[in-house]
Structure formats: structure tokens, C-alpha cells
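# Sequence first, predicted model second:
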Amino acid sequence: MEVMLTVNGLEKSFKNKQALKGITFEVRKGEIIAILGPNGAGKSTTIRNIMGIMYPDKGSITFHNHEGKEIPRHKIGYLPEERGLYKNVKVMDILLYLADLKDYPLDKAKERILMYLKKFDLEGKDKVSIDELSKGMGQKVQFIGSILHEPELLILDEPFSGLDPVSQELFKDEIRNLADNGTAILLSSHQMNLVEEMCDRLFMIQNGQKVIYGTLDEVKTKYANFKCTIRGKNNLELLESIPHVQRVEQKDESAVLFLEQDVEPTSWLKALPSNVVVHELKMNRISLHEIFIDIATNKNLIQEAGELDA
Amino acid sequence: MRNSMKVAKWEIKRNMKNKSFVIGLFLTPILILGFGFLGSLFGSDDESSETTVFVNDQLDVFAMLTEAVDQYELDWDLHQTDLSEGDIAAELENNEDTAYIFLTSEALENGVIPVYTTDEIESGFSSQVQLLTGPLQQLRISQLDLTDEELAIISSNVVFEETSAEDYVAEQSGAEESISLDSPLEKLVPGLFAGIILFAIVVTGMMIFQSASQEKKDKIAEIILSSVTPGELMNGKIIGYFVLGLIQVVVLLIFVVPFAATKIDEPIIEYLFVPETLLLVFIAILGYLLFAAIFVGIGATMADMTTSGNFQGLVMMLPFLSFVLMAPVLSNPSGIVAKVASYVPFTSPGVLIMRLTALDEWPWVEIIIAIVVLVISILLFMKLAGKIFKVGILMYGKNATPGEIWKWIRS
């Protein structure tokens, strides 16, 4: 896949605090890559450096497909974390202004604005003033503003925050759609379930450092061990005596068995003792959400796994 | 530059569609006209009434009095009367704005002429009637049988005539006479015009300040900056509000000039189209650029108009410094205050315009130095504002302290 953007060894300090400590990743055409991390990890700082809103102390940002040193602003769409639009301005006017700033032909922009307003359930709102819109509607308008000029690279900082589930679905579909049509998409988010559903690759940072980087499957294979949820009344010692079980969390009549890293699910199941009571059995990997929380709270399943391995 | 023009166009369009801006645009000239009109209303009130004056003329000088009244353009209705002092009590009771003057030989000899007025009398009457003492004094002197020479000496007053050193030298060297002005307005109109331009665009320029801090508050700055550089955004704002200021000036002139032209009996338009106007307007525009740069920079450091700190408030007052200096500068346009203020960038546009309006001969060397200083400070402040703007516009949630601003400038 064609690489659109390479970020290499990015470093940035504020006052005495180093916000970014050598961030390296790349964004490819037609894929969705997610930057994940708890608040203050450095996601927005990374994005602002890419957008040229801040300048890195060290490291390089390369836009392929583009000659010269300048940031190809016209080819990038950007939805910042801080949401806002001019207050007493009509929806159509502000979207046309944003398109004009990107040198996008206005007649074409107008067509696309109407098309997208319809798509996002805002039909007929083009003549409405921004301050009459709800927060979610404003966010939709802003999203339209960032994709209006058919960018080659789309950068979305927390696109889902503050949206209701229906709108989240709409955004998700549209983002997926854009990626399928060849747009390179870099997004940051807290909503792991959404990221899990739509991302091709992810990049997780903590304290300005890379923690995880890879495709979703790779990450899951590497970091997310299997867990087995069993419904049925069982003795704790019995469950703990099953081979390859790291720890057991028991609650009422169900128990979650966290397995060691290299367990083969099928052979493990075959080796289950016959006296285990099973009303229901579920086998799946630890979700991204759980990994994320572990990292954020420094409880760190990953490290635990590593230590056990050693 | 193209992006700056887009930003400028947007700022103009946005404001022209904003109701409060449009209302303000037309309210300013209407207010100015309104006050002018009110003033003339009060003025005309005074002139309307005419005083009826009866003269009991026993000296046979009525013709002379009539002449004097005409000469001084007194609004009097002059009549002769035969009523004696004893008879007028009833007349005075029943009339308004009426006066009786008794010119008797006895009164002339005493030098005290009795005048009886009604209770209601024109406020200026008592001073008006004093104007008649001149001709009557002449009459008294002529009765003394003096020679013409003695008469001339007595009737002329002693006066002091002042000549300052500068005029003295000019007279000595026989240099050209100072330009005699047919009308003070001829000199005043270009200066007034430039002053209005400066004032209007500086006031509109203050909106830059609001626009920059509003942009922060609305958090749109980051989106705009993903399309244009901070410098382009800043320049676009400065250009945009400059045009808005000019629109305000044009609206003002459309309302005020025809009104003034009909009210004032002078060829105002002719006075306006002189080369001096060009220089004055140029100075006004320089003044705008300076203040616009300062405002846009400071605006970017503020999270909210309502929470502006002392520092920001002080900076806002800078354009009004020249108003403070108005009295000393106008009373002595070549004085030390005026000269120093011409070289201080914050006051120089306003003070230069005032001085050039007041002075007959322009001190070209001073003007050129002042303009050079002004242009250099504009370039400097634009650069500083650019640095402050770049960092400030993206700093959310709090006002920048002077210390922080200083750090941004140095970086």
C-alpha cells in the first residue's frame, strides 16, 4: 500500500515536560490508522505537529506524493479536537468559506455540501445560523467541512466524542467509505469498541511514547490473550488447577479464566477436565478496551504477560 | 497573499451580513448629524425674536441711531415715540421684548442714558444697547468745539501691537507674507477628513481585536489554521477590517458631506480635493496599520473580551493617547509636546494630523522623520504581532500574561 505520510522520531517539549518522546509511524492510502492513548498521552500534540500548527523540536514529518517542504494543506482534511465554528453565520456560508480556503471549486463544493447535509440528516439546514444548531449538528457540519474538498489525507481528532450512537454509526460508515475510496485516514479516539470495529492499524501511546503499533490482528495476537468465560457453578480451586490459566475472576455463577499467551484454544478446550460444570462457554480475546484501560491505569496486562513469559 | 485576501473577503462578508454591524454603520453618521441638527435647533431659537425699541429723541439723532443699528446688524425694530418717562409704566406692563430709550440733553451731559425694558427681554439686549455708546460719545465730543486733530486723538484708543521674533525676521528680510487664508475652513477640511478616517478605521480596527479573541473563544482558529498560515490569517484580518473601516468612512461621508455642504456656505468639496489631503490620509492609514497590528496581536492573547487583564486594557487605550494631547498640541503646534509626540509611534498619526492642520507652513523635515519612525514601528509591530498571534491564537482557556507574551516574542 502506498504510504502517504511518514512521521519519524517526533519530539516536542512544553516548558519542562517532554510531551512527545520519539514518535514514529506512517499512514497509508486507503487505510484507517488510530492513535490511541489516555488523556494527555500526546495524541493531539502529535496531530498538531503534523498539521503544522506546532513545530516539533526534533524529528521529521514527510508528506509523500508532494513536492516541496510546505505542508500540502489543500490535500489534508482536519477535524480538531477543540470543536467550534463562527457563531452567527449560515451553515452554507461557512462551509463554502472552508472549501474556498482549500481552493476547492465553489460550485462543486455547493453540490457536495447539499449532498452531505442530506446524508447527515441536516437537509434544509443550509440557511440556518450555526448558533441555532445543537452541539451534535455543529459537529456534523464541522465533519462535512473537513471532508468537503476530497482530501487525500484525513486527520480526525476524537471524531466521535459527544455524538449519539446513531450519529456515531453515520460517522463510522462515512469514514470507512472514504477509506475504501482511497483516502488515508488518521484518527484518534477513546472509544475502543469503535476503533476495534473500523481500524486497520493502531498506534497506542502513553506519556509520549509508543506502547503498541501494528495491525489490529497483530496487536490482538500479540497482546490480547484468550479468555474463557464459563457459566456454571464451579469450585475456584478446580478452575485454578486447569493448565495454562493465569488467573480467575469469579462472580456469582460465572467465571472468567485468563489464559497464558501461547495457548492454542482448541487443544486447551480438549484438555478441560470433565467435572467442570458448563452451562455456557465463551472463548474470546481480551478486548482492546481492556488493554487500553490496563495501560491507562498502569495495571498493565501486557507487562504482566511479559514477566510471566520470562 | 491569496489566502489573506480570502480571509479578508470573508471577514468583510461576515460583518456586512451581521445586523449589529450594519446598524452601527448607519447609526454613526445619523448620530453625528443628529447632534449637528440639534445644535442648530437651539441656535436658531435665539435669533427668532426681534426687540422693539422706542426712542424718545430730543437730541435729533434718530437717523444716526438707525445707521448704527444697521451697521451692527442688531435685530431691532426701531421707532420714535413721544411718551414721557412717566407714561411708559403701563406700556411696559402690557408688552414683551420692548425697550424705551430716553435721549435728553440732560442725560447726554451726565453720560447716563435711561433705558426701560419689559420683564421679558432678549438676553443679549443689554450688551447690544452698549454698542450705541460709541456714536453718542462722538456726539458729546463734537459738542466740545475741538479741532479735528484733537478730536481724532481723543476718539482713538491706545493699543499694543505685538510682533514675534519670527515674524519680525520675516518682515525684515522681506520674505513672502504668510499665506493669507480666505477662510479657516480651507485649512481645516483636509485635516478633519483625515481625522475622521483615522478615527473610523481605528474604531473598526478595534473589531479586529474582538474578532481575534472571538475566534479563540469559538475555537474555530485551529480549523482555519489547517488551511492557511497564521501570518496569512492575521494579514487577512488586518486587510478585511481596513476595508470595513473604509466602508464606514464612505457611509459617513455620504451622509455628512451633502449635509455640511448645504449648511455651511463654503465650497467644502473644493477644500477637500487638495494635495494636502493625500498626505493626511496617508498618515491616517499608517496609523491604522500600526494599531491594527497591535490589536490583532493582543486580541490573540485573550480568551475572552470580558476577562481582559490590565495589560490588555492599557494597550486598548493607546489610540486615545492623541486625544489627551489635543489641547497642548493645538495651542502650540510647534511646541515641544507636539514635536516629541510626532516621533512617538502611538501618538504620531493623530498628532501629525492635528499639527499639519494647525500649522501654516509644514515642517517637512519633521514630517519625514516622523513618517519614517512610524513606518519602521509598523513593520516591527507587525512582526511582533505575527509571533504573538501564532502562539496566542491556539492557546485556549486563559489570558496570556505579559511575561508569556515576552517569551513568545523572544522565541
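Arrived safely, thanks for sending. Residues are numbered from 1 along each chain as shown, chains lettered A, B, ... in the order given.

# For chain A, which helix extends over the most residues?
helix A:165-180 (DSSP state H).

# of all the residues in chain B, which ones are close to chain A?
Proximity of chain B to chain A (Cβ under 8 Å from any Cβ of the partner chain) is limited to residues B:3, B:6-7, B:10, B:13-14, B:17-18, B:214, B:217-220, B:222-229, B:394, B:396. Placement of C-beta: from N, CA and C, glycine included.

# In the stretch 1-150 of chain A, what residue lies closest to chain B?
The minimum distance from the stretch 1-150 of chain A to chain B, using Cβ to the nearest Cβ, falls at residue A:84 (2.9 Å).

# give me the number of residues near that residue?
Residues within reach of residue A:84, counting by other Cβ atoms under 10 Å in any protein chain shown, total 19.

# List the strands paired with the next helix or strand after the longest helix of chain A, with their directions.
Under the assignment DSSP states H and E, the closest C-terminal helix or strand after helix A:165-180 is strand A:184-189. Within its sheet, and counting by DSSP bridges, strand A:184-189 is paired with strand A:32-36 (parallel), strand A:153-157 (parallel).

# Make a markdown table from those and add mean pLDDT and mean neighbour count to it.
Shown next, in a markdown table, are the strands paired with strand A:184-189 (pLDDT from 0 to 100; neighbours: other Cβ atoms under 10 Å in any protein chain shown):
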| stretch | mean pLDDT | mean neighbour count |
| --- | --- | --- |
| strand A:32-36 | 90 | 25 |
| strand A:153-157 | 91 | 24 |
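
# Which residues of the stretch 51-200 of chain A lie near chain B?
That would be A:51-54, A:73-74, A:76, A:78-80, A:82-89, A:93, A:97-98, A:100-102, A:142, A:145-146, which are the residues of the stretch 51-200 of chain A within reach of chain B (Cβ under 8 Å from any Cβ).

# Show the pLDDT at residue B:339.
As predicted, residue B:339 sits at a pLDDT of 85.

# hang on, it packs against residue B:365?
No: contact status for residue B:339 versus residue B:365: not in contact, 11.2 Å apart, counting by Cβ atoms under 8 Å.

# Neighbour count for those two, which is higher?
Set residue B:339 next to residue B:365 and count neighbours by other Cβ under 10 Å: residue B:339 wins out with 17 against 8.

# Let me see the contact set for the more buried one.
Contacts of residue B:339 were listed using Cβ atoms under 8 Å, 6 or more residues apart in numbering or on different chains, and they are residue B:366.

# I'd like the next helix or strand past the host helix or strand of it.
Using DSSP H and E, residue B:339 falls within helix B:336-343. Next along the chain after helix B:336-343, taking DSSP H and E as the criterion, comes helix B:348-358.

# Quick one: name whatever helix or strand follows that next one.
helix B:364-392.

# Which pLDDT value does the model give residue 166?
With no chain named, the answer covers chain A. Residue A:166 is given a pLDDT of 87.

# you looked at the wrong chain, it should be chain B
On the pLDDT scale, residue B:166 is placed at 60.

# So which residues of the stretch 101-250 of chain A form strands?
Per DSSP state E, counting those that start in this stretch, the stretch 101-250 of chain A carries strands over the ranges A:153-157, A:184-189, A:201-206, A:209-215, A:226-231, A:245-251.

# Next, give phi and psi for residue A:94.
phi -70, psi -40 (degrees, to the nearest 10).

# Name the residue of chain B that lies nearest to chain A.
residue B:219 (2.9 Å).

# Setting the sequence-adjacent residues aside, check what's closest to that residue.
Leaving aside its sequence neighbours, residue B:219 sits nearest to residue A:84 (Cβ to Cβ, 6 or more residues apart in numbering or on different chains; 2.9 Å).

# what's the one you found sitting at in phi/psi?
Dihedral angles for residue A:84 - degrees, to the nearest 10 - are phi 180, psi 150.

# quick one: contacts for it?
B:217-220, B:223.

# at 7 Å what do you get?
B:218-220 (Cβ atoms under 7 Å, 6 or more residues apart in numbering or on different chains).

# now do residue A:287
Going by Cβ under 7 Å, 6+ apart, the list of residues near residue A:287 reads A:192, A:196.

# now with 8 Å?
A:192-193, A:196, A:224.

# Now do the strands in the stretch 1-150 of chain B.
B:51-57, B:76-80, B:98-103, B:115-117.

# Partner strands of the last one, with direction?
This means strand B:115-117. Checking strand B:115-117 against DSSP bridges gives partners strand B:98-103 (antiparallel).

# CA-only coordinates of the strand it pairs with in CSV, if you can.
Taking C-alpha atoms only, strand B:98-103 is exported to CSV below (Å, rounded to 0.1, in the frame of the first residue of the first chain):
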residue,chain,number,x,y,z
THR,B,98,-39.8,96.1,24.3
ALA,B,99,-37.4,98.8,25.4
TYR,B,100,-37.7,102.6,25.8
ILE,B,101,-34.6,104.8,25.4
PHE,B,102,-34.7,108.5,26.5
LEU,B,103,-32.2,110.7,24.8
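
# Would you list the phi and psi of residue A:53?
Main-chain torsions, residue A:53, degrees, to the nearest 10: phi -80, psi -30.

# doesn't residue B:393 make contact with it?
No: the pair formed by residue A:53 and residue B:393 falls short of the contact definition of Cβ under 8 Å, at 9.5 Å.

# Now the common contact residues for the two.
Between them, residue A:53 and residue B:393 share the contacting residues residue B:225, judged by Cβ under 8 Å, 6+ apart.

# Of these two, give the one with the bigger neighbour count.
residue B:393 (25 against 21).

# quick one, what contacts the more buried one?
Residues near residue B:393 by Cβ under 8 Å, 6+ apart: B:212, B:215-216, B:221, B:225, B:230, B:233, B:300.

# Let's have the strands of the stretch 1-150 of chain B in a markdown table, adding mean neighbour count and mean pLDDT.
Formatted as a markdown table, these follow (neighbours: other Cβ atoms under 10 Å in any protein chain shown; pLDDT from 0 to 100):
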| stretch | mean neighbour count | mean pLDDT |
| --- | --- | --- |
| strand B:51-57 | 20 | 83 |
| strand B:76-80 | 14 | 83 |
| strand B:98-103 | 20 | 84 |
| strand B:115-117 | 16 | 84 |
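
# Cool, thanks, talk later.
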